[in-house]
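[1] Below: sequence and its predicted model.
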Amino acid sequence: MHRSIAKLALLLATAVSCAHASCWPHERDALLAFKRGINDTHDVLASWQKRRHDCCRWRGVACSNKTGHVTELDIGYTRLVGQISPSLLSVQHLEHLDLSWTSLHGPDGRVFPEFLCYLHNLRHLDLSGIPFSGRLPAQLANLSKLEYLDLSATPLSGRVPPQLANCSKLEYLDLSRTLLSGTLPPQLGNLSNLRHLGLGFMQTIHAQDISWLTNLHLLEYVDMSGTNLSTDDVFFAANTIPSLKALILINCSLPNASKSLTHLNLTKLEHLDLSRNYLGHPIETCWFWNITSIKDLRLQETYLYGPFPDALGGMTSLQNLDFSNNGNSATMMVDLKNLCDLEELSLDGSLAFGNITEFVRKLPQCSSIKLFFLSLCDNNMTGMLPDMMGHLNGLRYLYLSNNSITGAIPSGLRNLTSLERIDLCLNQITGQMPMLPRSLIGVGISMNCLSGPLPLDFGAPNLTELSLSSNHLTGHVPRAICQLQNLVTLDLSSNHLEGEFPSCSAMPGMEFLILSNNDFSGNFPSWLQNSSSLVFLDLAVNKFYGMLPAWIGELVNLRFLQLNHNIFYGDIPVSVTNLILLQHFSLASNNISGSIPSPLSKLIAMTLEHPPRLGSDKYVEGDTNKDILSVVMKQQELKYGTSAVNEMVGIDLSLNHLTGGIPDEITSLNGLLNLNLSWNHLGGKIPMKIGDLKSLESLDFSRNNLSGEIPTSLSDLTYLGSLDLSYDNLAGKIPTGRQLDTLYTENPYMYSGNIGLCGPPLEKNCPGNNATEHGNQQRSENGYSPVLFFYFGLTAGFVAGL
């Protein structure tokens, strides 16, 4: 009987407590009003419907189990666009509001919506990543219950309001990456409950006195990156906070890190980042080497020098050490065998010398090795890669470029069964290309001394990037290359490879194919017709022959097309003008005939001031400094690396047999930097609107049959740094202009061979109004400019295989 009464009482209590758990109508209406101000193209708020009465079940909404009031609204990272409605004021029991990384704004535009400061029950407010502008309202101090405030990555400006100190319950405060400026208010020291303080990379922020930091006894995380701390002893202040786990002081103008702290209290410190502070003293004098709790130590661009202390070998909690870009003045002789938790080690551009064999032997040797990232680029390291590398079986990334490593690639490399990327570029590695670990997806061994044929089996079926340029590889490319169906980048340039490239069924993901400077032959590779993702195609300086296929216009993503110095013949396919992303096109030194296709205005990428950039991840990581584009411009051969190639916009059709005229539409390509049509049989007149090519830096129409006057608009090309109109049939008065006069001073041969030209800067005066009387006479071939010998030398060099 008593058990039944107790059960009934429990049911009644439960019923009472759940009476309002289904959402209050006025709060539901407020949320629906909020939704009406939002452009929800991705249906994030699809569940927010009036017929669904229980708003507690709507996406992003949570309610109190006891009262049914809405207590949480979390719709961050949802790509919502629109207005933050003041209707939220009707949700007075709201404790948690997260609108982070949306494109929402207040009723007054991008200004911070002050009405949010009157949601008095808020404990958690996250508005990070929202494009608010203007000042941070002092009314935020009204939120006396606030425990969490994140306004990071917003363009809020002005000073940090000292009234924030009134939010005394704050445990988390992040104002990093805002446009807040001025002096940090010392009142922040009153936030005695603070555990997380993010003030990094604010706009021109400084601290006159950071003694207030010593009052934050519960602080675990502090980031003051970008704050000028040159006159403050931040390390002394930090040492008074034994709870501190993360101290991030990037680019703070710290004078040094060598002050000895009499008693180290930072026994819980796990993350220390002092990067981009010019410390400039011996590494071993730093104060932190005996803090064995450190897991993440970052010292990039600190220019510490000398030997690492032996204490490093005892930092057994260390997971990541980044000591990169420090001027090659440090030495690492420390035995790291006991650092079993070490996961990442980066010393790029920091070591004065070292032996790779000895270095590898001193890496962790534990029963369970966690090291997966090792980068030692640009370090003057010598020696050979050891064959026994089995203790590094967890390694996924191995970067050793730009050293002096010698010897062959060891067969033991196959034992690194987790290896995904390897970069050995710019070394002195010899021998043949070995079979690779099956796990590899990226390989860079360019600019070495590899020789012999490519392997019949690459051993890594999932390769996406393979760069073997500038070696001494010989023979034919094996059909095994076609099995690499995931290839995005293939660079075999500057070797001695020969014969026809295998006819692969398809490589649908191929974006970069670079085969230049070899002895390849055969027709234009037909298998490329299915490579619609191709962005960069370089077949230059080979022995490819035949006609260019009409389907080349189907490679709609192509932006760089290098076919120069081959034996292609026939017309330029009109379909090439369908390549609307094309920004560089070279067919120089072939046997191309016919006319220049006229619908050139379709090449819209050549009209943009800044062509769309190639993604930084689009080329094999180890070759970021490699020259991948060679351009004859300004009467010299220029090389462009992967970082600069995006700026090149040009057309080079020189050294062919083109006839007809120069299409007037070429003047619509106002993004061109280089236009070279020299050494053809082009006739007619120079387009009158040639001056519309405002970006042009190099123009060469020499060695053709052009006639008529030089258009006066030529003097509008203010960026022009090289001009050659020699050995045509041009006549009449030469246009004047400061830029043209300067160019003539630098190259007095640029009008040679046009005996009908007259007027300054030539000594020949124009005969009254009959300046064009020689317009149809034959050009003189009695003189040769130095440019002629440049072109002959360049062609001879390519033929010789340079």
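    Arrived safely.
[2] mind checking how far stretch 178-185 is from the chain centre?
    From the chain centre to the centre of stretch 178-185 is a distance of 29 Å (Cα atoms, centre = their mean, to the nearest Å).
[3] List the buried residues of that stretch.
    For stretch 178-185, the neighbour count (16 or more other Cβ atoms under 10 Å) marks Thr178, Leu180, Leu184, Pro185 as buried. For glycine as for every other residue, the C-beta is placed from the backbone atoms N, C-alpha and C.
[4] Can you tell me the SS state at Thr474?
    Secondary structure state of Thr474, per DSSP: H, G, I helix; E, B strand; the rest coil, is strand.
[5] how about it, what does it touch?
    Ser451, Gly452, Pro453, Asn495, His496, Leu497, Glu498 (Cβ atoms under 8 Å, 6 or more residues apart in numbering).
[6] Now stretch 199-215 - C-alpha only, CSV.
    The C-alpha trace of stretch 199-215 is given here as CSV (Å, rounded to 0.1, in the frame of the first residue of the first chain):
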residue,chain,number,x,y,z
LEU,A,199,44.4,38.9,-26.2
GLY,A,200,46.5,37.8,-29.2
PHE,A,201,47.0,39.8,-32.4
MET,A,202,44.8,42.7,-31.6
GLN,A,203,45.3,46.0,-33.4
THR,A,204,48.4,47.9,-32.2
ILE,A,205,47.9,46.9,-28.6
HIS,A,206,50.5,47.5,-25.8
ALA,A,207,50.7,47.2,-22.1
GLN,A,208,52.3,49.9,-19.9
ASP,A,209,52.2,47.6,-16.9
ILE,A,210,51.2,44.0,-16.7
SER,A,211,51.5,43.5,-13.0
TRP,A,212,47.7,43.0,-13.0
LEU,A,213,48.4,39.6,-14.5
THR,A,214,49.7,38.4,-11.1
ASN,A,215,46.2,38.8,-9.6
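[7] quick one: average pLDDT of that stretch?
    Regarding stretch 199-215, the rounded mean pLDDT is 90.
[8] Same question for stretch 271-289.
    What stretch 271-289 shows for mean pLDDT is 96.
[9] In TSV: the contacts of Thr474, plus secondary structure and distance to Ser470.
    Shown next, in TSV, are the contacts of Thr474 (DSSP: H, G, I helix; E, B strand; the rest coil; distance: Cβ to Cβ, whole Å):
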residue	secondary structure	distance to Ser470
Ser451	strand	12
Gly452	strand	15
Pro453	coil	17
Asn495	coil	8
His496	strand	11
Leu497	strand	12
Glu498	strand	17
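[10] The buried residues of stretch 178-185: which two are farthest apart?
    By the measure Cβ to Cβ, Thr178 and Pro185 form the most distant pair in the buried residues of stretch 178-185, at 14.8 Å.
[11] about what we covered before: dump the buried residues of stretch 178-185 to JSON lines, plus pLDDT.
    Formatted as JSON lines, the buried residues of stretch 178-185 follow (pLDDT from 0 to 100):
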{"residue": "Thr178", "pLDDT": "95"}
{"residue": "Leu180", "pLDDT": "93"}
{"residue": "Leu184", "pLDDT": "91"}
{"residue": "Pro185", "pLDDT": "92"}
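[12] In TSV: those residues, plus distance to Gly768 and secondary structure.
    Converted to TSV, the buried residues of stretch 178-185 look like this (distance: Cβ to Cβ, whole Å; DSSP: H, G, I helix; E, B strand; the rest coil):
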residue	distance to Gly768	secondary structure
Thr178	71	coil
Leu180	72	strand
Leu184	78	coil
Pro185	81	coil
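[13] and Thr577, which of the three is it?
    helix.
[14] residues in contact with it?
    Contacts of Thr577 by Cβ under 8 Å, 6+ apart are Gly553, Pro597, Pro599, Leu600, Lys602, Leu603.
[15] Just confirm the last one contacts Ile596, I think it does.
    By that I understand Leu603. No: taking contacts as Cβ atoms under 8 Å, Leu603 lies outside contact range of Ile596: 11.9 Å.
[16] who's more crowded, those two?
    Leu603 (26 against 21; other Cβ atoms under 10 Å).
[17] ok, now how distant is that one from Gly553?
    Counting by Cβ to Cβ, to the nearest Å, the gap from Leu603 to Gly553 is 11 Å.
[18] Need the pLDDT of Gly768.
    72.
[19] And the one 3 residues further on, by the same measure?
    The model reports Ala771 with a pLDDT of 40.
[20] ok, which stretches of the stretch 201-350 of the chain are strands?
    For the stretch 201-350 of the chain, applying DSSP state E, counting those that start in this stretch gives strands covering 205-206, 221-223, 246-248, 271-273, 296-298, 306-307, 320-322, 330-331, 344-346.
[21] a markdown table for these, including distance to Gln483 and mean neighbour count?
    Below are the strands of the stretch 201-350 of the chain laid out as a markdown table (distance: least, Cβ to Cβ, whole Å; neighbours: other Cβ atoms under 10 Å):
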| stretch | distance to Gln483 | mean neighbour count |
| --- | --- | --- |
| strand 205-206 | 56 | 20 |
| strand 221-223 | 48 | 22 |
| strand 246-248 | 47 | 21 |
| strand 271-273 | 44 | 20 |
| strand 296-298 | 41 | 20 |
| strand 306-307 | 48 | 14 |
| strand 320-322 | 37 | 20 |
| strand 330-331 | 44 | 19 |
| strand 344-346 | 33 | 20 |
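[22] rank those strands by pLDDT, which is bottom?
    Of all the strands of the stretch 201-350 of the chain, the minimum mean pLDDT falls on strand 205-206 (a mean of 84).
[23] how many neighbours does Thr67 have?
    Close neighbours of Thr67, defined as other Cβ under 10 Å, add up to 14.
[24] thought it was touching His93?
    Yes: the criterion here is Cβ under 8 Å, and Thr67 meets it with His93 at 7.3 Å.
[25] low pLDDT regions in the protein?
    1-21, 609-645, 769-802 (pLDDT under 70).
[26] what about the helices in the stretch 351-500 of the chain?
    356-361 (DSSP state H, counting those that start in this stretch).
[27] Now Asn590. Nearest residue, chain neighbours left out?
    Distances taken as Cβ to Cβ, 6 or more residues apart in numbering put Phe568 closest to Asn590, at 4.4 Å, once the chain neighbours are dropped.
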